[in-house]
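Engineer: Test case, fold it:
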Amino acid sequence: MTAITMGKGINMGLRAAMEANPKVIVMGEDVGKLGGVFRITDGLQKDFGEERVIDTPLGESGIIGTAVGLAMRGYRPVCEIQFDGFVYPGYDQIVSQVAKLHFRSRGKVKMSIVIRIPFGGGIGAVEHHSESPEAYFAHTAGLKVVACSNPVDAYWMTQQAIDSDDPVVFFEPKRRYWEKAELDESLQPDPLFASRVVRQGNDVTVLAYGPMVKTALEAATAAEDEGKGLEVIDLRTLSPLDMGPVHQSVRKTGRAVVVHEAPTNLGLGSEIAARVSEECFYSLESPVLRVGGFDTPYPPSRIEEEYLPDLDRVLDAVDRSLAY
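Structural biologist: Below is the predicted model of the structure:
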(Lines give C-alpha, C1' and ligand atoms only; values in the text may rest on other atoms or scores of the structure.)
Protein backbone atom coordinates (compact mmCIF):
# COMPACT_ATOMS: atom_id res chain seq x y z
CA MET A 1 0.00 0.00 0.00
CA THR A 2 1.13 3.51 -0.84
CA ALA A 3 -0.01 6.85 0.59
CA ILE A 4 -0.95 9.19 -2.26
CA THR A 5 -2.65 12.55 -2.65
CA MET A 6 -5.64 12.97 -4.92
CA GLY A 7 -3.51 14.90 -7.38
CA LYS A 8 -0.99 12.07 -7.44
CA GLY A 9 -3.80 9.55 -7.87
CA ILE A 10 -5.03 11.29 -11.01
CA ASN A 11 -1.46 11.57 -12.31
CA MET A 12 -0.91 7.84 -11.72
CA GLY A 13 -4.24 7.03 -13.36
CA LEU A 14 -3.34 9.06 -16.44
CA ARG A 15 0.07 7.40 -16.61
CA ALA A 16 -1.40 3.89 -16.31
CA ALA A 17 -3.94 4.63 -19.07
CA MET A 18 -1.27 6.05 -21.37
CA GLU A 19 0.97 3.05 -20.81
CA ALA A 20 -1.88 0.65 -21.53
CA ASN A 21 -3.13 2.37 -24.70
CA PRO A 22 -1.02 4.41 -27.15
CA LYS A 23 -4.21 6.09 -28.40
CA VAL A 24 -4.60 8.00 -25.10
CA ILE A 25 -3.57 11.64 -25.54
CA VAL A 26 -3.47 14.36 -22.87
CA MET A 27 -4.07 17.93 -24.00
CA GLY A 28 -4.72 21.31 -22.42
CA GLU A 29 -3.25 24.62 -21.36
CA ASP A 30 0.18 24.19 -19.68
CA VAL A 31 -0.28 20.42 -19.20
CA GLY A 32 3.06 19.58 -20.78
CA LYS A 33 6.19 21.46 -19.82
CA LEU A 34 4.64 22.96 -16.66
CA GLY A 35 2.69 19.85 -15.69
CA GLY A 36 -0.56 21.80 -15.24
CA VAL A 37 -1.32 24.62 -12.81
CA PHE A 38 -1.97 22.02 -10.09
CA ARG A 39 0.89 19.79 -11.36
CA ILE A 40 -1.56 16.98 -12.07
CA THR A 41 0.16 16.09 -15.36
CA ASP A 42 3.67 16.55 -13.98
CA GLY A 43 6.26 14.39 -15.76
CA LEU A 44 3.91 13.01 -18.41
CA GLN A 45 5.29 15.01 -21.34
CA LYS A 46 8.84 14.08 -20.39
CA ASP A 47 7.95 10.39 -20.43
CA PHE A 48 5.45 10.22 -23.31
CA GLY A 49 6.58 13.06 -25.56
CA GLU A 50 5.06 16.22 -26.99
CA GLU A 51 2.88 14.30 -29.46
CA ARG A 52 0.92 12.63 -26.65
CA VAL A 53 1.00 15.38 -24.00
CA ILE A 54 0.13 18.53 -25.89
CA ASP A 55 0.39 22.11 -24.67
CA THR A 56 -2.52 23.79 -26.43
CA PRO A 57 -3.28 27.46 -27.12
CA LEU A 58 -5.49 29.27 -24.62
CA GLY A 59 -8.76 28.32 -26.29
CA GLU A 60 -11.15 25.82 -24.74
CA SER A 61 -13.33 25.66 -27.85
CA GLY A 62 -10.26 24.68 -29.86
CA ILE A 63 -9.20 22.10 -27.27
CA ILE A 64 -12.58 20.36 -27.30
CA GLY A 65 -13.00 20.70 -31.07
CA THR A 66 -9.60 19.11 -31.67
CA ALA A 67 -10.50 16.31 -29.27
CA VAL A 68 -13.69 15.63 -31.24
CA GLY A 69 -11.65 15.15 -34.40
CA LEU A 70 -9.16 12.91 -32.61
CA ALA A 71 -11.95 10.78 -31.12
CA MET A 72 -13.50 10.36 -34.58
CA ARG A 73 -10.16 8.88 -35.71
CA GLY A 74 -10.04 6.38 -32.85
CA TYR A 75 -7.96 8.28 -30.29
CA ARG A 76 -8.91 8.72 -26.63
CA PRO A 77 -8.13 12.36 -25.81
CA VAL A 78 -8.10 13.60 -22.21
CA CYS A 79 -8.74 17.34 -22.13
CA GLU A 80 -7.82 19.41 -19.10
CA ILE A 81 -9.86 22.55 -18.51
CA GLN A 82 -7.56 24.60 -16.32
CA PHE A 83 -10.31 25.93 -14.01
CA ASP A 84 -14.06 25.34 -13.78
CA GLY A 85 -14.96 28.87 -14.88
CA PHE A 86 -12.90 28.50 -18.06
CA VAL A 87 -15.05 25.71 -19.53
CA TYR A 88 -17.72 27.96 -21.01
CA PRO A 89 -15.93 28.84 -24.29
CA GLY A 90 -15.86 25.07 -24.90
CA TYR A 91 -19.45 24.53 -23.76
CA ASP A 92 -20.86 24.79 -27.28
CA GLN A 93 -18.52 22.07 -28.54
CA ILE A 94 -19.31 19.82 -25.56
CA VAL A 95 -23.10 20.15 -25.82
CA SER A 96 -23.44 20.40 -29.62
CA GLN A 97 -20.79 17.89 -30.71
CA VAL A 98 -19.33 15.74 -27.93
CA ALA A 99 -22.72 14.84 -26.45
CA LYS A 100 -24.46 14.18 -29.78
CA LEU A 101 -22.14 12.62 -32.34
CA HIS A 102 -22.53 9.06 -31.05
CA PHE A 103 -26.32 9.35 -31.38
CA ARG A 104 -26.19 11.36 -34.61
CA SER A 105 -24.10 8.62 -36.24
CA ARG A 106 -26.42 5.86 -34.94
CA GLY A 107 -23.57 4.47 -32.86
CA LYS A 108 -20.97 4.34 -35.62
CA VAL A 109 -18.83 7.20 -34.22
CA LYS A 110 -17.66 6.93 -30.61
CA MET A 111 -16.76 10.01 -28.60
CA SER A 112 -14.22 8.48 -26.20
CA ILE A 113 -13.30 11.83 -24.66
CA VAL A 114 -12.58 12.66 -21.02
CA ILE A 115 -12.93 16.32 -20.04
CA ARG A 116 -11.20 16.96 -16.71
CA ILE A 117 -12.49 19.96 -14.77
CA PRO A 118 -11.08 21.05 -11.37
CA PHE A 119 -14.15 22.45 -9.61
CA GLY A 120 -15.37 24.03 -6.41
CA GLY A 121 -14.00 26.58 -3.98
CA GLY A 122 -11.98 26.62 -0.82
CA ILE A 123 -8.61 27.66 -2.28
CA GLY A 124 -8.92 31.46 -1.95
CA ALA A 125 -8.93 32.00 -5.70
CA VAL A 126 -10.17 34.92 -7.79
CA GLU A 127 -13.28 35.09 -9.96
CA HIS A 128 -13.92 32.20 -12.41
CA HIS A 129 -11.69 29.85 -10.40
CA SER A 130 -14.10 28.39 -7.83
CA GLU A 131 -17.32 27.49 -9.61
CA SER A 132 -19.44 24.31 -9.59
CA PRO A 133 -20.94 23.93 -13.09
CA GLU A 134 -21.76 20.21 -12.90
CA ALA A 135 -25.54 20.64 -13.34
CA TYR A 136 -25.09 22.07 -16.84
CA PHE A 137 -23.41 18.87 -17.96
CA ALA A 138 -25.51 16.40 -15.97
CA HIS A 139 -28.57 17.97 -17.65
CA THR A 140 -27.11 17.31 -21.12
CA ALA A 141 -28.20 13.99 -22.60
CA GLY A 142 -25.31 12.08 -24.13
CA LEU A 143 -22.73 13.03 -21.50
CA LYS A 144 -21.59 10.95 -18.54
CA VAL A 145 -20.60 13.02 -15.50
CA VAL A 146 -18.61 11.82 -12.49
CA ALA A 147 -16.96 13.44 -9.46
CA CYS A 148 -14.23 11.83 -7.37
CA SER A 149 -13.90 12.63 -3.67
CA ASN A 150 -10.73 10.84 -2.52
CA PRO A 151 -7.31 9.76 -3.82
CA VAL A 152 -8.18 6.09 -4.31
CA ASP A 153 -11.26 6.85 -6.39
CA ALA A 154 -9.28 9.47 -8.30
CA TYR A 155 -6.75 6.81 -9.35
CA TRP A 156 -9.28 4.21 -10.49
CA MET A 157 -11.97 6.51 -11.88
CA THR A 158 -9.45 8.29 -14.11
CA GLN A 159 -8.57 5.00 -15.80
CA GLN A 160 -12.19 3.86 -15.99
CA ALA A 161 -13.31 7.15 -17.55
CA ILE A 162 -10.57 6.98 -20.19
CA ASP A 163 -11.54 3.36 -20.95
CA SER A 164 -15.20 4.32 -21.45
CA ASP A 165 -16.53 4.59 -24.99
CA ASP A 166 -18.84 7.40 -23.84
CA PRO A 167 -17.75 11.01 -23.31
CA VAL A 168 -17.09 11.62 -19.61
CA VAL A 169 -16.97 14.98 -17.87
CA PHE A 170 -14.67 14.32 -14.90
CA PHE A 171 -14.97 16.74 -12.00
CA GLU A 172 -12.07 16.97 -9.56
CA PRO A 173 -12.49 18.82 -6.22
CA LYS A 174 -9.45 21.06 -6.36
CA ARG A 175 -9.34 21.79 -2.63
CA ARG A 176 -8.93 18.05 -1.99
CA TYR A 177 -5.97 17.65 -4.37
CA TRP A 178 -3.45 17.51 -1.50
CA GLU A 179 -5.32 15.19 0.88
CA LYS A 180 -3.88 11.71 1.31
CA ALA A 181 -5.14 8.14 1.48
CA GLU A 182 -3.67 4.66 1.22
CA LEU A 183 -3.87 3.05 -2.23
CA ASP A 184 -3.91 -0.74 -2.54
CA GLU A 185 -3.74 -1.52 -6.26
CA SER A 186 -4.55 -5.18 -5.62
CA LEU A 187 -8.12 -4.36 -4.61
CA GLN A 188 -10.96 -4.39 -7.13
CA PRO A 189 -12.33 -0.88 -7.72
CA ASP A 190 -16.03 -0.06 -7.69
CA PRO A 191 -17.66 0.45 -11.10
CA LEU A 192 -17.36 3.97 -12.49
CA PHE A 193 -21.06 4.77 -12.53
CA ALA A 194 -21.94 3.62 -9.02
CA SER A 195 -22.64 5.41 -5.75
CA ARG A 196 -21.30 4.03 -2.47
CA VAL A 197 -22.16 4.08 1.22
CA VAL A 198 -19.05 5.43 2.98
CA ARG A 199 -20.45 5.49 6.51
CA GLN A 200 -23.28 3.49 8.06
CA GLY A 201 -26.04 5.11 10.10
CA ASN A 202 -29.71 4.70 10.96
CA ASP A 203 -31.14 8.18 11.53
CA VAL A 204 -30.53 10.39 8.48
CA THR A 205 -29.12 9.72 5.00
CA VAL A 206 -26.64 12.41 3.90
CA LEU A 207 -25.87 12.47 0.17
CA ALA A 208 -22.80 14.25 -1.21
CA TYR A 209 -20.20 14.16 -3.95
CA GLY A 210 -16.79 15.66 -4.70
CA PRO A 211 -15.52 18.11 -2.07
CA MET A 212 -18.60 17.80 0.16
CA VAL A 213 -18.11 14.11 0.97
CA LYS A 214 -15.43 14.96 3.51
CA THR A 215 -17.69 17.67 4.98
CA ALA A 216 -20.53 15.16 5.28
CA LEU A 217 -18.27 12.65 7.00
CA GLU A 218 -17.10 15.31 9.46
CA ALA A 219 -20.74 16.15 10.18
CA ALA A 220 -21.46 12.47 10.82
CA THR A 221 -18.60 12.30 13.31
CA ALA A 222 -19.88 15.39 15.12
CA ALA A 223 -23.46 14.08 15.13
CA GLU A 224 -22.33 10.80 16.64
CA ASP A 225 -21.29 12.68 19.78
CA GLU A 226 -24.95 13.74 20.11
CA GLY A 227 -26.25 10.23 19.61
CA LYS A 228 -27.31 10.69 15.97
CA GLY A 229 -26.34 8.16 13.33
CA LEU A 230 -25.80 9.67 9.85
CA GLU A 231 -25.46 7.36 6.88
CA VAL A 232 -23.22 9.07 4.31
CA ILE A 233 -23.37 8.19 0.62
CA ASP A 234 -20.74 9.32 -1.89
CA LEU A 235 -22.75 9.67 -5.10
CA ARG A 236 -19.61 9.54 -7.32
CA THR A 237 -21.66 9.52 -10.54
CA LEU A 238 -23.88 12.51 -11.35
CA SER A 239 -25.11 11.31 -14.74
CA PRO A 240 -26.31 8.64 -14.72
CA LEU A 241 -27.31 8.89 -11.05
CA ASP A 242 -27.03 5.55 -9.26
CA MET A 243 -30.06 5.76 -7.00
CA GLY A 244 -30.22 2.14 -5.83
CA PRO A 245 -28.06 2.60 -2.71
CA VAL A 246 -29.77 5.96 -2.07
CA HIS A 247 -33.29 4.50 -2.09
CA GLN A 248 -32.21 1.60 0.08
CA SER A 249 -30.67 3.94 2.63
CA VAL A 250 -33.62 6.36 2.71
CA ARG A 251 -36.06 3.49 3.20
CA LYS A 252 -34.00 2.58 6.26
CA THR A 253 -33.53 6.06 7.76
CA GLY A 254 -36.70 7.78 6.55
CA ARG A 255 -34.81 11.06 6.08
CA ALA A 256 -32.45 12.55 3.50
CA VAL A 257 -30.21 15.62 3.24
CA VAL A 258 -28.42 16.43 -0.03
CA VAL A 259 -25.21 18.51 0.12
CA HIS A 260 -23.32 20.22 -2.70
CA GLU A 261 -21.29 23.40 -3.22
CA ALA A 262 -23.28 24.56 -6.25
CA PRO A 263 -26.25 26.90 -5.70
CA THR A 264 -29.33 25.00 -4.60
CA ASN A 265 -31.57 26.45 -7.32
CA LEU A 266 -31.83 23.74 -10.00
CA GLY A 267 -28.73 22.00 -8.63
CA LEU A 268 -28.20 18.23 -8.49
CA GLY A 269 -29.95 18.27 -5.11
CA SER A 270 -33.22 19.19 -6.79
CA GLU A 271 -33.17 16.12 -9.05
CA ILE A 272 -32.08 13.83 -6.25
CA ALA A 273 -34.79 15.16 -3.93
CA ALA A 274 -37.41 14.61 -6.64
CA ARG A 275 -36.31 11.03 -7.28
CA VAL A 276 -36.18 10.18 -3.58
CA SER A 277 -39.67 11.65 -3.12
CA GLU A 278 -41.01 9.66 -6.07
CA GLU A 279 -39.50 6.33 -5.04
CA CYS A 280 -39.46 6.53 -1.23
CA PHE A 281 -42.54 8.64 -0.49
CA TYR A 282 -44.10 6.22 1.99
CA SER A 283 -40.79 5.74 3.81
CA LEU A 284 -40.07 9.44 4.34
CA GLU A 285 -40.55 10.87 7.82
CA SER A 286 -39.66 14.42 6.69
CA PRO A 287 -39.09 16.38 3.46
CA VAL A 288 -35.82 15.88 1.61
CA LEU A 289 -33.64 18.88 2.52
CA ARG A 290 -30.87 20.52 0.50
CA VAL A 291 -27.69 22.25 1.65
CA GLY A 292 -25.77 24.16 -1.00
CA GLY A 293 -24.16 27.38 -2.05
CA PHE A 294 -26.28 30.50 -2.10
CA ASP A 295 -28.00 31.63 -5.29
CA THR A 296 -25.41 34.30 -6.05
CA PRO A 297 -22.26 34.41 -8.16
CA TYR A 298 -19.28 32.98 -6.30
CA PRO A 299 -18.08 35.61 -3.80
CA PRO A 300 -14.62 37.15 -3.28
CA SER A 301 -12.22 34.77 -1.57
CA ARG A 302 -12.22 36.67 1.71
CA ILE A 303 -15.83 35.67 2.35
CA GLU A 304 -15.99 32.30 0.57
CA GLU A 305 -16.13 30.43 3.88
CA GLU A 306 -19.44 32.19 4.53
CA TYR A 307 -20.71 30.93 1.17
CA LEU A 308 -19.55 27.33 1.20
CA PRO A 309 -21.63 24.68 2.98
CA ASP A 310 -19.84 23.61 6.15
CA LEU A 311 -20.28 21.20 9.02
CA ASP A 312 -22.63 23.53 10.90
CA ARG A 313 -24.98 23.99 7.94
CA VAL A 314 -25.13 20.23 7.35
CA LEU A 315 -25.86 19.58 11.03
CA ASP A 316 -28.54 22.28 11.01
CA ALA A 317 -30.28 20.50 8.12
CA VAL A 318 -29.98 17.19 9.98
CA ASP A 319 -31.59 18.76 13.06
CA ARG A 320 -34.39 20.25 10.96
CA SER A 321 -35.01 16.87 9.34
CA LEU A 322 -35.16 15.12 12.71
CA ALA A 323 -37.48 17.80 14.10
CA TYR A 324 -40.37 16.78 11.82
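Engineer: Got the confidence number for Met212?
Structural biologist: Listed pLDDT for Met212 reads 98.
Engineer: okay, now it: neighbour count?
Structural biologist: 30 (other Cβ atoms under 10 Å). Heads up, the C-betas are built off the backbone N, CA and C, glycines and all.
Engineer: isn't it right up against Leu311?
Structural biologist: No - in this structure Met212 lies outside contact range of Leu311 using Cβ atoms under 8 Å: 10.7 Å.
Engineer: So what's the residue count around Ala222?
Structural biologist: Neighbours of Ala222 (other Cβ under 10 Å): 16.
Engineer: Just to check, it is in contact with Val318?
Structural biologist: No - using Cβ under 8 Å, Ala222 is not in contact with Val318, being 9.6 Å away.
Engineer: What separation do you get for Lys108 and Met72?
Structural biologist: 10 Å (Cβ to Cβ, to the nearest Å).
Engineer: if you count what's nearby, which of these two comes out ahead?
Structural biologist: Per other Cβ under 10 Å, whichever of Lys108 and Met72 has more neighbours is Met72, with 15 against 8.
Engineer: contacting residues for the more buried one?
Structural biologist: 101, 109 (Cβ atoms under 8 Å, 6 or more residues apart in numbering).
Engineer: can you do 6 Å?
Structural biologist: Val109 (Cβ atoms under 6 Å, 6 or more residues apart in numbering).
Engineer: Can you give me the pLDDT of it?
Structural biologist: pLDDT at Met72 comes out at 97.
Engineer: what does Arg320 give?
Structural biologist: Predicted confidence (pLDDT) for Arg320: 98.
Engineer: quick one: strands adjacent to the longest strand seen in the chain?
Structural biologist: In the chain, ranked by residue count with DSSP state E as the criterion, the top strand is strand 256-263. Here strand 256-263 is paired, per DSSP bridges, with strand 204-208 (parallel), strand 289-293 (parallel).
Engineer: now that strand: how far from the chain's centre is it?
Structural biologist: What separates the centre of strand 256-263 from the centre of its chain is 13 Å, taken as Cα atoms, centre = their mean, to the nearest Å.
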